[in-house]
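**Q** Sequence first, predicted model second:
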Amino acid sequence: MKGTNIMEELNDILVQRRAKMEDLRSEGVNPYANDFPVQHTSADIADAHENDDSAVLEGCTAKYVVAGRIMARRDFGKAAFIQIQDRKGRLQVYVGRDNVGEGAFAIFRKLDLGDIVGLSGTPFRTKTGELSLRADSIRLLTKSLQVMPEKWHGLTDVETRYRQRYLDMIVNPGVREIFLKRSRIISLIRNFMVDHDFLEVETPMMQPIAGGATAKPFITHHNTLKMDLFLRIAPELYLKRLVVGGFDRVFEINRNFRNEGISIQHNPEFTMMEFYRAYATYHDLMDFTEELICHVAKEVVGGQVIPYGGKEVDLTAPWDRLTVKEAIVKYGEIEPAVLEDRASALTYAESLGLELDQNIGYGKLLTELFDAVAEPKLWNPTFITEYPTEVSPLSRKNEQHPELVDRFELFMVGRELANAFSELNDPMDQKERFLKQLEEKEAGDEEAHAMDEDYIRALEYGMPPTAGEGIGIDRLVMLLTDSASIRDVILFPQLRPESR
RNA sequence: GAGCCGGUAGCUCAGUCGGUAGAGCAUCUGACUUUUAAUCAGAUGGUCGUGGGUUCGAUCCCCCCCCGGCUCACCA
């Protein structure tokens, strides 16, 4: 039988809800009304009357028209207290038969937790002192056919929270807070950049060559062009083309996609801000980054010492600055000489239990050591400089030490938050670096950088000396919202499809 | 990709040393016009993640698979 009734698959509560909705319809109540002009929020009432005592409110004739979802309900036969939730918070409403009328009250009695109502009323204080609204009218605006999670324990199952984020947002106020903060953080960053005369731009998400970083890309296909495209792993090469074109202070806040593992700090799509500033060096960007993040933290968290993971992070400037080697020496508690030649560094790495290719380059070896020994211990913000040229195909070489590049990464709470360098603008050098990367690709490194001929051509027209940086926005939001997992700061984190 | 842990009512959880399951909240019926997890009386609700095996009998033991979490690997 084709038309198996879906009702048969529903539990009793869901069947009841649907039946109630039909009842309401038959009584002439539209369960999906669309004609209620809301005039106030819960916050308007709180803001206006939080300091009024019951005597003052007794004479108050102000009328408020609000709407929201019923989150709690305490019935007393001919009256009830409900709590409604709107975008600003919760409001207690006293609904009495004598105030709203017998007909409206009879319908109100049939409403469920989760239903959305519109109502009007005047403020008063209850016997226990809670600022509330005494409804003089109430009506159903939207029927909820699903059941709200438990009022006390709420929704804690992480899988359901991520899959049904809407429900998570309804019942977990902390989740709302995080995403309100996320929005605020991004606004603050955007305003800061614009105030410093940066121009916001949008560059391709679908790219014929996935450049600007070393990572495995997602592949997609354009039917009409009959060509594969890559979802971008970074906007870098396009933004630098804009610097060549004369937009010499640009930034972009947008998604990158990397086809790699998922973890507590990695989502396949993540938000990054990249910015480029001509006539600046990576030293300038260290100061700029300090200023930017301190500013955002002050606005969002209220200070420079912020809670994270049960501890505190001190963002007070100036931040520590160490070279890669200094950091390994400091946190590995070794003699500097150990790192001065490849062989002794490799012996040291093996003593730590690192499994490395015997042919690993000296530069790569140093960064492996740094990741193992120093990164997890960098709690307060620290700039790390003097990265090997070998692992930095797009960075400008240091003029005194060409085996190093003018680059820093910023670390906090044991993880990388930003990566910046003085840009390589010598097209010949750039071409050689790309060729070197191609060799590595042929040697089996899937993530080696691809050759981008047009980018070389752009550099040949001349790119002014420029410094550029990428800041991981999700990780910054994690830090400023004291979130342990990147999934807690991404509205819809990537999950496998729900099995049915 | 590997290891460990988990999946029982709408939600939060307990439980069965193998004899087909309980609580609280929610829901339903009734009482109640100032409650704050309201209260009181009664009631309903489950293919115990999926499939297979062992067994007289499996939600429980074994195996495969699915989904999630954490750790590691890769990376930002």
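**A** Yes, it's here.
**Q** remind me which residues of the stretch 351-500 of chain A are low pLDDT?
**A** Along the stretch 351-500 of chain A, segments meeting pLDDT under 70 span A:499-500.
**Q** Would you map the strands across it?
**A** With DSSP state E, counting those that start in this stretch as the criterion, the stretch 351-500 of chain A has strands at A:382-388, A:404-412, A:415-422, A:466-472.
**Q** if I pick residue A:144, what's in contact with it?
**A** A:17, A:69, A:112, A:113, A:114, A:115, A:116 (Cβ atoms under 8 Å, 6 or more residues apart in numbering). C-beta: built from backbone N, CA, C; applies to glycine.
**Q** Can you sort out which of those residues also neighbour RNA strand B?
**A** By Cβ under 7 Å from any atom of the strand, the members of the contacts of residue A:144 lying near RNA strand B are A:112, A:113.
**Q** Going by proximity to RNA strand B, name the top residue of the stretch 201-350 of chain A.
**A** residue A:261 (2.8 Å; Cβ to the nearest atom of the strand).
**Q** per-residue confidence averaged over stretch A:297-307?
**A** Average pLDDT, stretch A:297-307: 95.
**Q** That stretch: how far from the chain's middle?
**A** 17 Å (Cα atoms, centre = their mean, to the nearest Å).
**Q** Now do the buried residues in it.
**A** A:297, A:300, A:301, A:306 (16 or more other Cβ atoms under 10 Å).
**Q** thinking again about what came up before, the residue of the stretch 201-350 of chain A closest to RNA strand B: neighbour count?
**A** 7 (other Cβ atoms under 10 Å).
**Q** does it sit in a helix, a strand or a coil?
**A** coil (DSSP: H, G, I helix; E, B strand; the rest coil).
**Q** quick one: it and residue A:494, what's the gap?
**A** 11 Å (Cβ to Cβ, to the nearest Å).
**Q** Check residue A:77 too.
**A** Residue A:77 is 50 Å from residue A:494, by Cβ to Cβ.
**Q** Please name the residues that touch the closest residue to residue A:53 other than its chain neighbours.
**A** Closest residue to residue A:53 apart from its sequence neighbours, by Cβ to Cβ, 6 or more residues apart in numbering: residue A:125 at 6.9 Å. Residues in contact with residue A:125 (Cβ under 8 Å, 6+ apart) are A:52, A:53, A:54, A:57, A:131, A:132.
**Q** So which bits of the stretch 101-250 of chain A are right by RNA strand B?
**A** Counting by Cβ under 7 Å from any atom of the strand, the stretch 101-250 of chain A sits next to RNA strand B at A:112-113, A:124, A:126-130, A:132, A:134, A:147-160, A:162, A:213-215.
**Q** Can you report how many residues neighbour the residue nearest to residue A:478 when sequence neighbours are not counted?
**A** What sits nearest to residue A:478 in space, not counting adjacent residues and going by Cβ to Cβ, 6+ apart, is residue A:489, at 5.4 Å. Neighbour count for residue A:489, taken as other Cβ under 10 Å: 25.
**Q** likewise residue A:364?
**A** That count, for residue A:364 with other Cβ under 10 Å as the rule, works out to 15.
**Q** which of residue A:77 and residue A:494 has more neighbours?
**A** Taking neighbours as other Cβ under 10 Å, residue A:77 and residue A:494 compare with residue A:494 leading, 12 against 7.
**Q** which residue sits closest to that one, ignoring its sequence neighbours?
**A** residue A:268 (5.1 Å).
**Q** mind listing what's buried in stretch A:233-248?
**A** So stretch A:233-248, judged by 16+ other Cβ under 10 Å, has buried residues A:233-244, A:248.
**Q** any chance of these in JSON lines, with secondary structure and distance to residue A:13 too?
**A** JSON lines is the format used below for the buried residues of stretch A:233-248 (DSSP: H, G, I helix; E, B strand; the rest coil; distance: Cβ to Cβ, whole Å):
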{"residue": "A:233", "secondary structure": "coil", "distance to residue A:13": "47"}
{"residue": "A:234", "secondary structure": "coil", "distance to residue A:13": "49"}
{"residue": "A:235", "secondary structure": "coil", "distance to residue A:13": "49"}
{"residue": "A:236", "secondary structure": "helix", "distance to residue A:13": "53"}
{"residue": "A:237", "secondary structure": "helix", "distance to residue A:13": "55"}
{"residue": "A:238", "secondary structure": "helix", "distance to residue A:13": "53"}
{"residue": "A:239", "secondary structure": "helix", "distance to residue A:13": "53"}
{"residue": "A:240", "secondary structure": "helix", "distance to residue A:13": "58"}
{"residue": "A:241", "secondary structure": "helix", "distance to residue A:13": "58"}
{"residue": "A:242", "secondary structure": "helix", "distance to residue A:13": "56"}
{"residue": "A:243", "secondary structure": "helix", "distance to residue A:13": "60"}
{"residue": "A:244", "secondary structure": "helix", "distance to residue A:13": "63"}
{"residue": "A:248", "secondary structure": "coil", "distance to residue A:13": "62"}
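**Q** Quick check: the two most widely separated of these?
**A** A:233 and A:248 (23.9 Å; Cβ to Cβ).
**Q** beta partners of the closest residue to RNA strand B within the stretch 301-450 of chain A?
**A** Residue nearest to RNA strand B within the stretch 301-450 of chain A: residue A:416 (3.1 Å; Cβ to the nearest atom of the strand). With DSSP bridges as the criterion, residue A:416 is bridged to residue A:411.
**Q** what's the neighbour count on it?
**A** Residue A:416 has 16 nearby residues by other Cβ under 10 Å.
**Q** ok, now which ones touch it?
**A** Contacts of residue A:416 by Cβ under 8 Å, 6+ apart are A:375, A:409, A:410, A:472, A:475.
**Q** ok, and which of those reach RNA strand B?
**A** A:472, A:475.
**Q** count of neighbours near residue A:75?
**A** Residue A:75 is flanked by 11 other residues according to other Cβ under 10 Å.
**Q** Phi, psi for it please.
**A** phi -90, psi 150 (degrees, to the nearest 10).
**Q** residues contacting it?
**A** residue A:109.
**Q** Ok, the one 4 residues further on next?
**A** Taking Cβ under 8 Å, 6+ apart as the contact definition, residue A:79 lies against A:94, A:95, A:96, A:97.
**Q** quick one: it from RNA strand B, how far?
**A** 3 Å (Cβ to the nearest atom of the strand, to the nearest Å).
**Q** Which residues of the stretch 351-500 of chain A lie near RNA strand B?
**A** Looking at RNA strand B, the residues of the stretch 351-500 of chain A close enough under Cβ under 7 Å from any atom of the strand are A:415-416, A:419, A:447, A:472, A:474-475, A:484-487, A:493, A:495-499.
**Q** ok, now with 6 Å
**A** For the stretch 351-500 of chain A, the residues in contact with RNA strand B (Cβ under 6 Å from any atom of the strand) are A:416, A:419, A:447, A:472, A:474, A:485, A:487, A:495, A:496, A:499.
**Q** And the helices in the stretch 201-350 of chain A?
**A** A:236-244, A:282-300, A:324-332, A:342-351 (DSSP state H, counting those that start in this stretch).
**Q** And for the host helix or strand of residue A:92, what's in contact with it?
**A** For residue A:92, the element it lies in under DSSP states H and E is strand A:89-96. Outside of strand A:89-96, the residues within contact range by Cβ under 8 Å, 6+ apart are A:42-43, A:45-46, A:66, A:68, A:71, A:78-85, A:105, A:108, A:119, A:121, A:124, A:126, A:130-135, A:138.
**Q** would you list every one of the helices in the stretch 1-150 of chain A?
**A** A:12-26, A:42-49, A:54-58, A:97-100, A:102-108.
**Q** How about the third one, which residues are buried there?
**A** Of the residues in helix A:54-58, residue A:57 count as buried by neighbour count, 16+ other Cβ under 10 Å.
**Q** Looks like residue A:57 contacts residue A:126 (just checking).
**A** No: the pair formed by residue A:57 and residue A:126 falls short of the contact definition of Cβ atoms under 8 Å, at 10.5 Å.
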